[in-house]
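>>> Okay, sequence plus prediction incoming.
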Amino acid sequence: MMEPIVQYKDVHKSFGDVHVLKGINLDIRPTEKIAIIGPSGSGKTTIIRLLMTLEEPTEGDIIVDGQNLWKMESGKGMKKASEKHLGIVRNDIGMVFQHFNLFPHKTILDNCVVPLVNVRKMKKSEAVELSKQMLDRVGLGDKYESYPTQLSGGQKQRVAMARALVMKPKIMLFDEVTSALDPELVGEVLEVIRDLADNEDMAMVLVTHEMDFALEVADRVLFLDEGVIAESGTAEEVINESDNPRLQDFLRRFR
Ligand code: ADP
């Protein structure tokens, strides 16, 4: 069995008095595709934001590629890892959000090229070549010079994926990437994720309400309920076979 690329060890997160995550233990193996399902407000996005280092845990350890992101200092609360170290970890992780977060005043091609040149210090010509390859892969080979406002939501989401993928992350996080899309545009975005899940070795974590999609692509499904992982198993076990009443109640609303 391969060493996990990500480990959450008894992770808690509170916002003020609100105890959102109540002891998350989770190992993610390097090629694993994990779907996180659960009611709104159960803490799914918080799990992902912690991994992106956009939030810091109140308690517990998050270890990425053998490195502890946050270290507890006795009596002093949580100590953040060095910026240099966090930079290395962030380079391993790509994230796609519900609301695209593209640079509005840059072309589609530059949306991919600029981070490669500025963050990765890649030569411009190489960055352009790699970005074009990735845009071709997500079906946007004819849109290099378009601007985000000229694209549909599904196309914008595919640019967001290309922009994350050019960075060659070891882990890709997808946070409800189809929730803001018109229903007729959902399929084209899921198609890209399915292609990645089938053909790429990286770990993928998807927060999704698309149960049929989770059944198709996920090696493992986690049902998050009130800040704990209430069910974990294969997609089949969790979505089709569990007799957990809260999970069944949740599924009735999404299927
Ligand atoms: P989910 O993704 O499952 O809908 P979230 O992780 O977004 O859940 O949120 C879980 C809970 O944490 C919610 O009650 C939400 O209001 C609260 N929360 C999330 N982020 C913050 C924040 N930055 N400040 C205060 N409360 C937050």
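Cool, the structure landed. Keep in mind that this is a model prediction, so the values were computed, not measured.

>>> Quickly find the element holding the residue of the stretch 51-200 of the chain found nearest the ligand.
Of all residues in the stretch 51-200 of the chain, the one sitting closest to the ligand is Glu55 (7.1 Å; C-beta to the nearest ligand atom). For glycine as for every other residue, the C-beta is placed from the backbone atoms N, C-alpha and C. Secondary structure assignment for Glu55, by DSSP states H and E: no helix or strand.

>>> And for it, the neighbour number?
17 (other C-beta atoms under 10 Å).

>>> how many other residues sit next to the nearest residue to it once chain neighbours are set aside?
Leaving aside its sequence neighbours, Glu55 sits nearest to Arg49 (C-beta to C-beta, 6 or more residues apart in numbering; 4.6 Å). Neighbours of Arg49 under the rule other C-beta under 10 Å: 17.

>>> SS state for Arg49?
helix (DSSP: H, G, I helix; E, B strand; the rest coil).

>>> Check the secondary structure at the nearest residue to Glu126 once chain neighbours are set aside for me.
Spatial nearest neighbour of Glu126, chain neighbours left out: Leu116 (7.9 Å); criterion: C-beta to C-beta, 6+ apart. Look at Leu116: counting by three-state DSSP, its state is helix.

>>> got the contact list for Leu116?
Applying C-beta atoms under 8 Å, 6 or more residues apart in numbering, one finds that Leu116 lies in contact with 122, 126-127, 130-131, 166-167.

>>> Pick out the one among these with the largest number of neighbours.
The member of the contacts of Leu116 surrounded by the most neighbours (other C-beta under 10 Å) is Ser131, with 25 neighbours in all.

>>> what's near enough to touch that one?
Contacts for Ser131 (C-beta under 8 Å, 6+ apart) come out as 109, 112-113, 116, 162, 166.

>>> In the chain, where is pLDDT below threshold?
For the chain, applying pLDDT under 70 flags the ranges 1, 71-82, 84-85, 255.

>>> switch to 50 and redo it
Within the chain, no range satisfies pLDDT under 50.

>>> Where do the helices of it begin and end?
According to DSSP state H, the chain carries its helices in the segments 44-51, 83-92, 108-118, 124-137, 153-165, 183-199, 211-217, 235, 245-254.

>>> Take those and write them to JSON lines, including distance to Ile5.
Shown next, in JSON lines, are those (distance: least, C-beta to C-beta, whole Å):
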{"stretch": "helix 44-51", "distance to Ile5": "11"}
{"stretch": "helix 83-92", "distance to Ile5": "8"}
{"stretch": "helix 108-118", "distance to Ile5": "22"}
{"stretch": "helix 124-137", "distance to Ile5": "22"}
{"stretch": "helix 153-165", "distance to Ile5": "16"}
{"stretch": "helix 183-199", "distance to Ile5": "16"}
{"stretch": "helix 211-217", "distance to Ile5": "18"}
{"stretch": "helix 235", "distance to Ile5": "20"}
{"stretch": "helix 245-254", "distance to Ile5": "27"}
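
>>> hey, which of those helices is tucked in deepest?
helix 153-165 (a mean of 24; mean count of other C-beta atoms under 10 Å).

>>> quick check: angle from it to helix 183-199?
Taking axes from the mean of the first three to the mean of the last three C-alpha atoms, to 10 degrees, one finds helix 153-165 and helix 183-199 inclined to each other by 30 degrees.

>>> picking up where we left off before, let me have the helices of the chain in a markdown table, adding distance to the ligand as columns.
Output for the helices of the chain, formatted as a markdown table (distance: least, C-beta to the nearest ligand atom, whole Å):
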| stretch | distance to the ligand |
| --- | --- |
| helix 44-51 | 3 |
| helix 83-92 | 19 |
| helix 108-118 | 25 |
| helix 124-137 | 28 |
| helix 153-165 | 18 |
| helix 183-199 | 18 |
| helix 211-217 | 15 |
| helix 235 | 19 |
| helix 245-254 | 11 |
